[in-house]
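Peer 1: output the structure for:
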Amino acid sequence: LAVTVLDREMLLSAWFMPFLGIFSASLANAVPVGGGIVFVPALAVLGEHIKLGASFTVATMTFGNGVFGFLSWLQKDSSKIYFSALPYAVIPAWIGAVYGTMNPFLEPSDIKKLFAAFAMLVAAVVVVIIRKGDLQSAFGGADAAEAPPWAPAVASVSSFLAGLVIVSHIGVGNAITTFLVCIWCWKVEAKTAMVTAIVAGGWTSIAPFLVHLLMLKDVPMALWVMVLPGVYLGARIAPLVHGAVGLRNVLCAFAAFLVA
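Peer 2: Numbers count the residues shown, from 1 in each chain. Below you'll find the predicted structure:
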């Protein structure tokens, strides 16, 4: 695929993208947000329009979280995916994301502010995890049987709004939304909420990715093709990275990145 899409100049200019993919995939296994949050600022530094950052993010997360991450957790421990929540997390988000992608209503300056606010929210979640020591201590969680009857409605509305406002403009957002909804509404334990959120974030990206690819035709193919091997490799080696560097150090670096 890389040979058919890229010429020699493109290959040389995008040499760093696999490493960015490894970094993002490592984060995707450490925090309940997925790794796509690193792509919008990274591409902005490279001079790409922020809208292209969103299209690139959903294109990458479709495979990174929605395929590689999902299959990895199916093999590792499928019980950590709370399948009952996924229809309420994904389908409304698809509807919102497709509409918002086809009818964007935020200016580039507003999108930057939205991304900054979202990054601060994620940074706050990461800081809580760092202070408490691990995800379970930070957010706990209960038995899913205790979920109140209004949980599906709250989950559906939250996912729709995340898709409409956040996913359509910056490419991420439904993973952290799903994580918080799983904790506070579905009452699942924190690790299950995180894995479910990662899968939901990846599956949510499928619909806006197809819109960007087939209708808007604005996916930066050269960068996307180059980053996918890194995303795949990062998903495979993330546990080794966390073991060698230390999960706390990974989270501290991520929090510093978000604040910066």
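Peer 1: which parts of the stretch 101-250 of the chain are strands?
Peer 2: Applying DSSP state E, counting those that start in this stretch to the stretch 101-250 of the chain gives no strands.
Peer 1: pLDDT weak spots in it?
Peer 2: The stretch 101-250 of the chain contains residues with pLDDT under 70 at 136, 140-145, 239, 242-243, 247.
Peer 1: quick one: the helices in it?
Peer 2: 108-132, 135-139, 151-161, 168-170, 174-181, 190-210, 221-245, 247-259 (DSSP state H, counting those that start in this stretch).
Peer 1: residue 79 is nearest to which of those helices?
Peer 2: helix 190-210 (7.7 Å; Cβ to Cβ). All C-beta atoms are positioned from the backbone trio N, CA, C, and that covers glycine.
Peer 1: helix 151-161 and the closest one, what's the angle between them?
Peer 2: 40 degrees (axes from the mean of the first three to the mean of the last three Cα atoms, to 10 degrees).
Peer 1: dump helix 190-210 to PDB, keeping only the CA atoms.
Peer 2: What follows is helix 190-210, C-alpha atoms only, in PDB (Å, rounded to 0.1, in the frame of the first residue of the first chain):
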ATOM      1  CA  ALA A 190     -12.600   1.000  35.800                       C
ATOM      2  CA  LYS A 191     -10.500  -1.400  33.700                       C
ATOM      3  CA  THR A 192     -13.500  -2.600  31.900                       C
ATOM      4  CA  ALA A 193     -14.700   0.900  31.300                       C
ATOM      5  CA  MET A 194     -11.300   1.900  29.800                       C
ATOM      6  CA  VAL A 195     -11.100  -1.100  27.400                       C
ATOM      7  CA  THR A 196     -14.800  -0.500  26.400                       C
ATOM      8  CA  ALA A 197     -14.000   3.200  25.800                       C
ATOM      9  CA  ILE A 198     -11.000   2.400  23.600                       C
ATOM     10  CA  VAL A 199     -13.100   0.000  21.500                       C
ATOM     11  CA  ALA A 200     -16.000   2.500  21.300                       C
ATOM     12  CA  GLY A 201     -13.700   5.300  20.300                       C
ATOM     13  CA  GLY A 202     -12.300   3.200  17.400                       C
ATOM     14  CA  TRP A 203     -15.700   2.000  16.200                       C
ATOM     15  CA  THR A 204     -17.100   5.500  16.500                       C
ATOM     16  CA  SER A 205     -14.400   6.700  14.000                       C
ATOM     17  CA  ILE A 206     -15.600   4.300  11.300                       C
ATOM     18  CA  ALA A 207     -18.500   6.400  10.100                       C
ATOM     19  CA  PRO A 208     -16.700   9.800  10.000                       C
ATOM     20  CA  PHE A 209     -13.700   8.100   8.400                       C
ATOM     21  CA  LEU A 210     -15.800   6.800   5.500                       C
END
